[in-house]
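J.: Okay, sequence plus prediction incoming.
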Amino acid sequence: MATWFTADLHLGHHNIIGYCNRPFPDVAAMDRALIDNWNETVGVHDTVWVVGDFALGKIAETLPIAGALHGHKTLIAGNHDRCWSGHGRRAGDWTERYLDAGFAAVTQGSTTLEVDGHRVLVCHFPYRGDSHDHDRFVHHRPADAGQWLLHGHVHERWAQHGRMINVGVDTNDFRPISARRISRIIEAGPTNREAFGQRSPSAP
């Protein structure tokens, strides 16, 4: 059983194709590729941490996709998830819908995990940086105390920026990234990268 991380699928979100230059002709093709890539990569008994922004579009159609995806899935809510606490009281009503759709758990804010012997912080938001030209949601971001951080939110802006590792699909071949791969990135030390190739011979 393996552990995987992913973020920013934006299932059902037509405009994300143009915003992030995703190589799909339409939203149906994007959703199909994301589903197929996930299930080719993740085993049915694996663990997957979804680090925010899972589904948009017609939520009654896109949220149930969670049930078709392999693995034991935990969502760390992002700003585009309707269950995100930043949306106020209405977020609580949505949490049950995310659980019913196929998530084993929904968490808010940030959490600390052990990834192949490395202690890391996991949050939808990076310490700094954004998919826009200014930092939004600054009060929801974790404090930088020197920890490695697994995050989403920035889409194609970077794959790694110092100790911040973007687990989002836009820089990970539109599929989850493994804990083993993340461990090797950490062991290589802080650096800046534009993308991670998930289908290279060295990738698990």
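T.: Good, I have the coordinates. Numbers count the residues shown, from 1 in each chain.
J.: the helices in this structure, which residues?
T.: 15-19, 27-41, 59-62, 90-101, 179-188 (DSSP state H).
J.: Quick one: closest of those to D173.
T.: The closest of the helices of the chain to D173 is helix 27-41. By Cβ to Cβ, the value is 7.3 Å. C-beta here means a position set from N, CA and C on the backbone, and glycine is covered the same way.
J.: Which elements pack onto that closest one?
T.: Contacts defined by 3 or more Cβ pairs under 8 Å, 6 or more residues apart in numbering; DSSP states H and E place helix 27-41 against helix 15-19.
J.: low-confidence ranges in this protein?
T.: 197-204 (pLDDT under 70).
J.: My read is that T62 contacts D53, right?
T.: No. At 11.6 Å, T62 does not count as touching D53 under the criterion of Cβ atoms under 8 Å.
J.: higher neighbour count, these two?
T.: Applying other Cβ atoms under 10 Å to T62 and D53 shows that D53 carries more neighbours, namely 27 against 20.
J.: how about the closest residue to I59 other than its chain neighbours, what does it touch?
T.: In space, and not counting its chain neighbours, I59 is closest to R82: 6.6 Å by Cβ to Cβ, 6 or more residues apart in numbering. By Cβ atoms under 8 Å, 6 or more residues apart in numbering, the contact list for R82 reads 59, 90-91, 94, 97-98.
J.: Fine by me, we can end here.
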